[in-house]
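In: task: produce atomic coordinates for the following.
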Amino acid sequence: MPSPAPSSASTASAPGATIRALRKRAGMTLSDLSERTGLAVSSLSKLEMGHISLSYDKLMLISKGLGVDIARLLDTASDHAAAPEARGRRVVHRAGEGLRVQTGSYDQRYLATELLNKRFVPIVVELHARTLDEFFAEFGTFIRHAGEEFAFVIEGEVELHTDLYAPLRLKAGDSVYFDSEMGHAYLKASDAPARLVAVCAPRGHDESDALIETFAHAAERREAPAEAEPAPASTPSARRKAANGAAAKTPSGAAKTTASRRKR
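Out: You can find the predicted model right below:
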């Protein structure tokens, strides 16, 4: 999967600094976090230093390993102490800016990541998956997370699939507001590019665990085939086939076996 392409070096290093601060606050070493996430210590170190980009899969695994909401990893400040409610603050992103994270189904840009204590998380999403089979191949099932969600289609056509309603076709200018605990999936509904603005409003940091679990498990499913080693032949017939295959690859060995049989 392609790595995120943050808009600047400072944006790329910011999540790493936040991860480092949260890890140290939890009293964890890099080895501890490695055991919890399955990511190599060297990779975690490079992520914290901002030397490599943070993909969405890794973001979800690390948020799960640290036991924090994914939104906290997207805060650029390293000090996450509780702060009084701010007044009159703002943040501006130009076109193409924001923290970019990608999966096979979605290409997302998280906005206003430098603001702490946000009431909601705004995301610009470009859709890639055309069918539920494609979506389920990546995530296993529908996405669901505590809170509410709003989506406004800005380009193309989108189909919103849920586990309670028939598919809903949305065109540019259409919007939908729904309970995000209902299983849901956004699909690209035509050949043309499809983009939407999604706003996720969790009811609390602790209630986003379901979303984290969903993405973490999807990442594990995608990575498992590449890392798994071939299973050894366990049945007599399988062992015979493996032996025959090995003999076929080594003509000299086969010749020696034949000669030995003739002597007998």
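
In: what sits closest to L168 if chain neighbours are left out?
Out: Excluding the flanking residues, the one nearest L168 by Cβ to Cβ, 6 or more residues apart in numbering is L160, at 4.5 Å. The C-beta positions use only the backbone N, C-alpha and C, and glycine is treated the same way.

In: and if you look at T141?
Out: Residue nearest to T141 in three dimensions, not counting chain neighbours: G183, with 6.8 Å by Cβ to Cβ, 6+ apart.

In: per-residue pLDDT, the one you found?
Out: Looking at G183, its pLDDT stands at 92.

In: I figured it hits E149, correct?
Out: No: contact criterion Cβ atoms under 8 Å: G183 and E149 do not qualify, at 12.0 Å.

In: compare these two and say which is more crowded by neighbours.
Out: E149 (22 against 14; other Cβ atoms under 10 Å).

In: mind listing what that one touches?
Out: Y177, F178, D179, S180, H184, A198, V199, C200, A201 (Cβ atoms under 8 Å, 6 or more residues apart in numbering).

In: which ones among the residues you listed are found in helices?
Out: Per DSSP state H, helices hold no members of the contacts of E149.

In: those in strands, which ones?
Out: Among the contacts of E149, the ones falling in strands (DSSP state E) are Y177, F178, D179, H184, A198, V199, C200, A201.

In: is it true that the third one touches E148?
Out: I take that to be D179. Yes: assessed by Cβ under 8 Å, D179 is found in contact with E148 at 5.9 Å.

In: more neighbours: which of those two?
Out: Neighbours were counted for D179 and for E148 using other Cβ under 10 Å; E148 has more, 16 against 13.

In: any low-confidence regions in the stretch 101-250 of the chain?
Out: Filtered on pLDDT under 70, the stretch 101-250 of the chain yields the residue ranges 204-250.

In: just the helices in it please.
Out: Assigned by DSSP state H, counting those that start in this stretch, the stretch 101-250 of the chain shows helices spanning 132-139, 209-227, 236-249.
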